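Trainee: Generate a structure from the sequence data that follows.
(chains A and B)
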Amino acid sequence: MGTAQTQGAPVESPRAVANKSERQHLLKAIRMALSIESPAVRSNTQTFNRNRYRATGLLPDYDVLKDHARQIKARSIANLPQLIAQLEKTVRGRGGHVHLAAGAEEACRYVRDVCVRHGAKLVVKGKSITTEEIRLNHVLEAAGMEVAESDLAEFILQLADEQPSHVIAPAIHYSRERITALFKRKFQTDLPLDTGEELTKFAREILRGKFLHADIGITGANLVAADTGTLMLVESEGNIRMTSLLPPVHIAVVGVEKIIGRRQDMAPFVELLAASGTGQPLTSYTSFLSPPLDDPPFALPGKTHQVREFHLVLIDNGRMRMRDDSVFRETLYCIRCSACLNSCANFQAVGGHAFGGETYSGGIGGSWEAGTSKLENARFSELCTGCSRCVNQCPVRIDIPWLNENLRNRLNGAAETFLASGILTTITGASENDQSAPVSKLFFGNYHWFAEWGTRFAPFSNALARWRPARRAMERWLGLDRRRSLPPFPKRTLVSAANAEPLPRTDEAIAQAVLFADVFTNYGLVQRGLSTLRLLRELGVDVVVSESVPEGRAALSQGLLPTSAGYAQRAASLLDHYLDQDRDVVVIEPSSLAMFRRDARHLLDNPDQFERLRSRCFEPVEYIAKLMEKSGRSPRDFFDLGRSPVGKRVFYHSHCQQKTIGCAAPTEALLRAIGFDVATSSVECCGMAGSFGYKKDFYELSMAVGEDLFEQVRKAEEDGGPRALVASGTSCTEQFHAGMKRQVFHPVELLAAIVRPGGK
Amino acid sequence: MRFRQVAMSGLIDAFEANARGAAATVDRIAGSPAAVRAAVESAVKDSPAIVLGPGEFLPSEIMNALVELPGLVHEPSDEMLSRADAGISSAFAGIASSGSVCVAMGPPLAAAASLLMPLHVVLLCANRIVERPRDLFTPTCLGGEGFGRNLVLITGPSATADMGPLVRGVHGPHQLRIFVLE
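Mentor: Reported below is the predicted structural model:
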């Protein structure tokens, strides 16, 4: 597995870069992660990721379970104040104690006081990220208690004094070798600790003593039912069972968002959490515990069958404020399964010490950090490229990229306005409300304006884009990395080239369509536009080309929400005109299509307008596959593989957003049906992800992510020799150019080359 | 009636396959006291100290056959619980889709026998196997007797991936042996 070389990267402790309210810390953290933690994170997250796809695939009603789980969470968060009151009553009625803590300090103080009252010397803890959030250990240790973390990952982190890098596997960034080195250093032992078994045995023996002698056990909970006071506790090691059952006092520290109405509402979460998290049907232990226990496993010396003491500490710490925020309320639906972390290409490459803050990490992590600490601490959410691979993985269907785009928007808004930003907003037509955004974001978000002018002045503009002083200036002022080659502006746009095409007869057309001239095709890869046009006409479709307008996807990814909404509205109105003529909309660039199929729901005022657009927009090959299906004829009747300019063997990489909106499978299927020998990539994203990989700050990370894709190509070519590279996304194409220096085809270019004349 | 039998045997097959997938060992045995006694005795033959949990979900004659087991510690102290070698539990339910056994905590030793010893032996009556975890949350499931109790779903031995490769046997049992009583 390749990792990016980072020259002279200083070795920082993760703690030193946990707070990323400053951009420099984020960049340092990325360097640190790429140079130290990347191999372990990559291998472990990718294993979780593969296992999740398998486990969720085995759930026959996966989508129904997700809908059900989301409904339960939505209802619970809506009724949260009532549920808190009900839960308090339930737990007190059972003989337990409840404390609702407004903030971290108050929660820690309460827990400390309970411990002090019991004269506690040793506190044993099960894994609880919520206690990391409130920094409980420091408070207990300052009060003179020993705190023993009993989850093996937390045990490692406690030894190393690091923050968690993953919500369910907090030490996922540690390889076995690094754990061995850590244990040898900290315990000064000569015992052999060179296998997972030896390390586990060593830690188990230390911790067994802690469980048996602890005065207090502290756990979190995955869910709490208001009607019965039942905690759902999910784990594999058995440490949470020990912690909650053995010591005489059990304290559960739980965020208020974990409360649901009824114990029976836990049902859909049991399978969903395990499948989405570790990718197992169930983890080793899922406990349903309604404390205090009246029949504990241990008699306790001299206190036969004493009822255990139980304290439920409910944490607000910003959650009720999140609940009042129409966008960030969804964060509270999160069940902390880690699917959004494991399915994220950037997270796989650097993990949560770079793509994370003091406590929370990954796609959903920014919203948690912003909600429970402050907005600036969510700056690491810049690493969300909006590729959207997490969207279908979330068991409660949180639109995580949308949350991150909103975080970006608020961070943009919190900055001062510079003159250059003001000028850029004015000339590009961006919304005035976005003028406090950094120049770099305004540039990438309004790329269409630069593309339009670049094309007008081609080839002069292309020469300028290759001129070193110009590139240095662009790197300095726009954040555009000079190591990236820029796609050349064409001599003629798609729109003007299409106007020069002969108009075919349309009286026997089998369908009517409009080809949306997206910015990247119109001012960049014009050939794929022309191939699509000719191909559709050859197949008998009456197709016209639209005017080229930005659809707002680029602006959205930079957090320029008002600008993006304006662009989306304009593009939707333009397309409305064609939909009124009963034309289907064909969109080549998958990110533009994703805007119409997914993102625009947040941006268009009229839901009916969105719904009509969503249901009538197609990726070109998806559209062709539909036409073939309707004709009832075999694809081989329409295409002749013998004419393929690249032979039979291809490597197809579908675009991240294309996969999310379900448009990757039709291309693979059609190429195979025609007779191509198709190898496909299994990476979540190529690493370029629109503008992300062009940015100076993220170039190394982008290439490190890309390395997985390049490696898959090399593997696929080991037997039988080279394959033609085929990709549907503009940015994936650029990433292939950068990493493999090879020609890349769009599927429509291959299809246009092998279509039988007249579709016969 | 015939349909029920077919469905039931399908559930047992699925349970067996999935429990094995989770690294438990599964044996189907006859539900007679002698057969259970012989099976359990051979399972715990290397365990000098054995703790027997409550037999709530087993016919009483089976429990009677087990109380004479060699090595069985009667009324174990806390100290004995913490160093015993094997625990024997009766399962409230089995779950076919995940190969889990569901142990009801509450009666003395139920939790301890399923958690503290390196070997956990579970006796599961075949007619207590349900299809999926969610079935346990319907009030009518298994007579509704477990609904609202303290339960734990146990799927294979305790395990961790935190030390690099997957390791079985962490804080909880290292081995899970399930006997399905037909």
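
Trainee: neighbouring contacts of stretch A:364-381?
Mentor: Stretch A:364-381 is contacted from outside by A:19-23, A:26, A:29, A:133, A:167, A:317-319, A:321-322, A:328, A:331, A:334, A:340-341, A:352, A:354-361, A:363, A:384, A:398, A:400, A:403-404, A:407-408, A:410-411, A:414, using Cβ atoms under 8 Å, 6 or more residues apart in numbering or on different chains. Heads up, the C-betas are built off the backbone N, CA and C, glycines and all.

Trainee: Report the buried residues of that stretch.
Mentor: A:364-373, A:375, A:377-381 (16 or more other Cβ atoms under 10 Å in any protein chain shown).

Trainee: if we take those residues, which one ends up nearest to chain B?
Mentor: A:Gly365 (19.9 Å; Cβ to the nearest Cβ).

Trainee: distance of that closest one from A:Arg52?
Mentor: Using Cβ to Cβ, to the nearest Å, A:Gly365 is found at 18 Å from A:Arg52.

Trainee: Check A:Ala679 too.
Mentor: 23 Å.

Trainee: ok, those two, which is more surrounded?
Mentor: More crowded of A:Ala679 and A:Arg52, by other Cβ atoms under 10 Å in any protein chain shown: A:Arg52, with 24 against 19.

Trainee: can you pull the pLDDT of that one?
Mentor: Here the pLDDT value assigned to A:Arg52 is 98.

Trainee: what's the answer for A:Lys303, then?
Mentor: 46.

Trainee: all helices of chain B, in order?
Mentor: Counting by DSSP state H, chain B has helices at residues B:2-21, B:33-43, B:60-66, B:78-83, B:110-113.

Trainee: To A:Ser564, which of the ones you listed lies closest?
Mentor: Checking these against A:Ser564 by Cβ to Cβ gives helix B:2-21 as the closest, at 46.8 Å.

Trainee: ok, now which ones touch the residue located most distally from the centre of chain B?
Mentor: Going by Cα atoms, centre = their mean, the residue of chain B most distant from its centre is B:Gly164, 28.7 Å out. By Cβ under 8 Å, 6+ apart, B:Gly164 lies in contact with A:Tyr174, A:Ser175, A:Arg176, A:Glu177, A:Ile179, A:Gly196, A:Leu199.

Trainee: re the thing from before, which of the contacts of stretch A:364-381 count as buried?
Mentor: Here, 16+ other Cβ under 10 Å leaves A:19-21, A:26, A:29, A:133, A:167, A:317-319, A:322, A:328, A:331, A:334, A:340-341, A:352, A:354-361, A:363, A:384, A:398, A:400, A:403-404, A:407-408, A:411 buried among the contacts of stretch A:364-381.

Trainee: Residues contacting stretch A:102-121, please?
Mentor: Residues contacting stretch A:102-121 (Cβ under 8 Å, 6+ apart): A:99, A:101, A:123, A:133-136, A:139-140, A:143, A:145-146, A:215-216, A:218, A:248-249, A:251, A:253, A:309, A:311, A:313, A:315-317.

Trainee: now do 6 Å
Mentor: Applying Cβ atoms under 6 Å, 6 or more residues apart in numbering or on different chains, the contact partners of stretch A:102-121 are A:99, A:101, A:134, A:136, A:139-140, A:143, A:145, A:215-216, A:249, A:251, A:311, A:313, A:315-317.

Trainee: Report the buried residues of it.
Mentor: Quick answer for stretch A:102-121 (16+ other Cβ under 10 Å): A:Ala104, A:Glu106, A:Ala107, A:Cys108, A:Tyr110, A:Val111, A:Arg112, A:Val114, A:Cys115, A:Ala120.

Trainee: for stretch A:594-614, same thing?
Mentor: For stretch A:594-614, burial by neighbour count (16+ other Cβ under 10 Å) applies to A:594-604, A:609-610, A:612-613.

Trainee: swap in stretch A:734-744?
Mentor: A:Glu734, A:Gln735, A:Phe736, A:His737, A:Ala738, A:Gly739, A:Val744.

Trainee: out of those residues, who's nearest chain B?
Mentor: For the buried residues of stretch A:734-744, the nearest to chain B is A:Gly739 (29.9 Å; Cβ to the nearest Cβ).

Trainee: show me the contacts for the closest one.
Mentor: A:Gly706, A:Phe710.

Trainee: For it, grab phi and psi.
Mentor: phi -90, psi -30 (degrees, to the nearest 10).

Trainee: where's it relative to A:Met703, distance?
Mentor: For A:Gly739, the distance to A:Met703 - Cβ to Cβ - is 7 Å.

Trainee: For B:Ser77, report the pLDDT, please.
Mentor: The model's pLDDT for B:Ser77 equals 86.

Trainee: Dump the helices of chain B to TSV, plus mean neighbour count.
Mentor: Listed next are the helices of chain B as TSV, based on neighbours: other Cβ atoms under 10 Å in any protein chain shown:
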stretch	mean neighbour count
helix B:2-21	15
helix B:33-43	17
helix B:60-66	16
helix B:78-83	15
helix B:110-113	26
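
Trainee: and of the ones you listed, who's closest to chain A?
Mentor: helix B:110-113 (3.7 Å).

Trainee: What are the contacting residues of that closest one?
Mentor: A:Leu245, A:Pro297, B:Val51, B:Gly53, B:Pro54, B:Leu81, B:Gly87, B:Ser89, B:Met105.

Trainee: so the last one sits right up against B:Asn150, yeah?
Mentor: In other words, B:Met105. Yes. Contact status for B:Met105 versus B:Asn150: in contact at 4.2 Å, counting by Cβ atoms under 6 Å.

Trainee: okay, the two: which has more neighbours?
Mentor: B:Met105 (26 against 22).

Trainee: How much space separates the nearest residue to A:Gln163 once chain neighbours are set aside from chain B?
Mentor: Spatial nearest neighbour of A:Gln163, chain neighbours left out: A:Ala18 (5.0 Å); criterion: Cβ to Cβ, 6 or more residues apart in numbering or on different chains. Note on A:Ala18: its distance to chain B, by Cβ to the nearest Cβ, to the nearest Å, is 20 Å.
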